[in-house]
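# Pasting the sequence and the predicted model now:
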Amino acid sequence: MTIVGLDDTDSRENGMCTTYVGARLAERLRDVGTVDRLLLVRLNPAVEYKTRGNAAVAVQTSVEPERAFELAAELIDSLALASEPNTNPGVVVAPHRVHPDGVETDGTGPAADRSIPDDVSAWTVQAIRGHCTIADAERRIESAGYRQDARGNGRGRIGALAAVGAQATLAEWTYERIAYRTKSRRGTDRSVDAESVFDAANAAYPTVWDTVDRGSGELVCVPRTPGPVLVGIRGDDPAAVDRVLDRIEAEPVAASERFLTNQGTDVHLREGRLGALEDGRAYRVDGVVDGDPETRRGGHVFVPIVDQHGENRTECAAFEPTKRFRDRVRALRPGDRVTVCGERSRGTIKLEKFAVRELESRELVTPTCPSCDRTMESAGRDQGYRCRDCGTSADGRERVPIDRALESGWYEVPPRARRHVAKPLVRGGFDGPTHPER
């Protein structure tokens with residue numbers, strides 16, 4: 001058996017898609033052998049040189065490594081946008097037994113491949129949660145005895161090697177069925193019937209998720225960027241994503257493939273603590289709200305949190321594209337205990353979701369006169385409050401109950417703003433009540 005890893009074949013400006021190159025490779029491999037599975041592996045979404053989804057692909061096949069390598073190198077030359085300055089394709093071919101039973105499990109993916117070296121398995125985790133160098137990728141590829149090919153500076157070998165090691169490393173898997181456009185239609189507006197997408201999405205929810213955004217009416221499964229993808233359907237069950245795609249009325253489809261993927265799993269999140277976070281990584285962090293949320297220019301909402309000792313103040317942000325999620329953030333108040341999840345960039349945590357652990361149920365207000373029910377006035381610095389009419393006084397502000405617009409539990413960005421690798425609340429497995437966005 002052979003695993004072929006591919007990455008960095010696309011461009012931010014001109015499209016293409018690494019999954020498409022993987023799909024075309026699978027097509028060619030089927031001409032000379034069998035293809036057992038395609039893996040779509042989302043890497044660290046915070047790295048600066050990524051394209052939108054930072055995806056690498058692995059194709060598992062019966063074709064001998066030498067022949068598989070030849071076919072992959074030919075496709076890189078014919079399809080990858082290697083002339084783009086920031087596109088640096090890479091191929092890694094590994095001779096491994098990938099899954100002896102040849103059977104996919106129900107939602108958890110294949111059994112781990114024990115023939116893959118620990119050094120390669122560790123690389124997959126590093127590529128998903130941290131940062132990697134081209135030199136280190138080259139060293140590990142050579143140490144494992146794998147074949148490699150590259151264009152440009154060969155950065156794509158980082159993701160290609162991570163995709164090779166994914167099956168030995170990752171414990172949680174989902175599925176995506178991707179349909180590709182005919183070549184003549186690329187570069188034109190996609191023709192997809194919205195009503196059929198919503199009907200199919202509603203029938204399959206929650207097993208199939210992030211197909212549409214019901215709050216905004218958007219078709220999340222239809223990309224807006226240039227490239228060969230027509231629609232991508234994500235879910236927990238392979239047959240379910242296939243059925244949804246079959247029900248969608250759209251322009252002619254040139255080809256489609258189902259990928260096993262780490263999308264929707266939160267595998268990119270590290271357990272972190274305030275005061276020990278690094279930029280360019282994503283974390284799950286506990287904190288206490290330390291100030292009122294503030295809406296700034298552009299509609300972005302910021303809220304500060306501190307650790308349990310009141311130290312290591314850090315801002316969290318809900319950016320304008322998260323739309324209604326910002327109202328959840330605006331409803332936070334000082335003293336609320338929360339868990340936040342997201343990438344740290346320039347010292348700020350970009351919120352993907354957060355959990356309310358404990359709500360502040362009272363607030364400090366200027367005291368009311370018990371005699372006339374009027375609001376007291378300050379009696380001077382550190383002298384408490386006094387009622388001008390009655391002469392009654394109070395030592396300080398009083399704590400009164402408040403109504404809260406939030407409940408305990410998890411809140412998330414809507415489907416339109418969710419990162420591919422972020423886990424939707426509807427998938428379950430969270431340590432508290434959930435308030436899913438649809």
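Noted; the coordinates are in hand. If you're wondering where the values come from, they're calculated on a predicted model, not measured in any experiment.
# tell me the contacts of D389?
369, 372, 374 (C-beta atoms under 8 Å, 6 or more residues apart in numbering). Glycine gets a C-beta too; all of them are placed from N, C-alpha and C.
# Give me the buried entries from these.
Those of the contacts of D389 that meet the buried threshold are C369, by 16 or more other C-beta atoms under 10 Å.
# who's in contact with the residue nearest to V192 when sequence neighbours are not counted?
Nearest residue to V192, sequence neighbours excluded (C-beta to C-beta, 6 or more residues apart in numbering): A250, at 4.3 Å. Contact analysis of A250 by C-beta under 8 Å, 6+ apart lists 179, 190-193, 196, 230-231.
# Need those residues in a markdown table (columns: secondary structure).
Below are these laid out as a markdown table (DSSP: H, G, I helix; E, B strand; the rest coil):
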| residue | secondary structure |
| --- | --- |
| A179 | strand |
| R190 | coil |
| S191 | coil |
| V192 | strand |
| D193 | coil |
| S196 | helix |
| L230 | strand |
| V231 | strand |
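# Just put those residues in a markdown table and tack on neighbour count.
Listed next are those as a markdown table, based on neighbours: other C-beta atoms under 10 Å:
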| residue | neighbour count |
| --- | --- |
| A179 | 23 |
| R190 | 16 |
| S191 | 13 |
| V192 | 17 |
| D193 | 13 |
| S196 | 13 |
| L230 | 26 |
| V231 | 24 |
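# will you turn those into JSON lines that also has distance to L40 and pLDDT?
What follows is the contacts of A250, written out as JSON lines (distance: C-beta to C-beta, whole Å; pLDDT from 0 to 100):
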{"residue": "A179", "distance to L40": "14", "pLDDT": "98"}
{"residue": "R190", "distance to L40": "20", "pLDDT": "96"}
{"residue": "S191", "distance to L40": "25", "pLDDT": "97"}
{"residue": "V192", "distance to L40": "21", "pLDDT": "98"}
{"residue": "D193", "distance to L40": "26", "pLDDT": "98"}
{"residue": "S196", "distance to L40": "24", "pLDDT": "98"}
{"residue": "L230", "distance to L40": "16", "pLDDT": "97"}
{"residue": "V231", "distance to L40": "15", "pLDDT": "98"}
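# Reformat those as JSON lines; add distance to A240.
Formatted as JSON lines, these follow (distance: C-beta to C-beta, whole Å):
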{"residue": "A179", "distance to A240": "15"}
{"residue": "R190", "distance to A240": "23"}
{"residue": "S191", "distance to A240": "24"}
{"residue": "V192", "distance to A240": "19"}
{"residue": "D193", "distance to A240": "20"}
{"residue": "S196", "distance to A240": "16"}
{"residue": "L230", "distance to A240": "19"}
{"residue": "V231", "distance to A240": "15"}
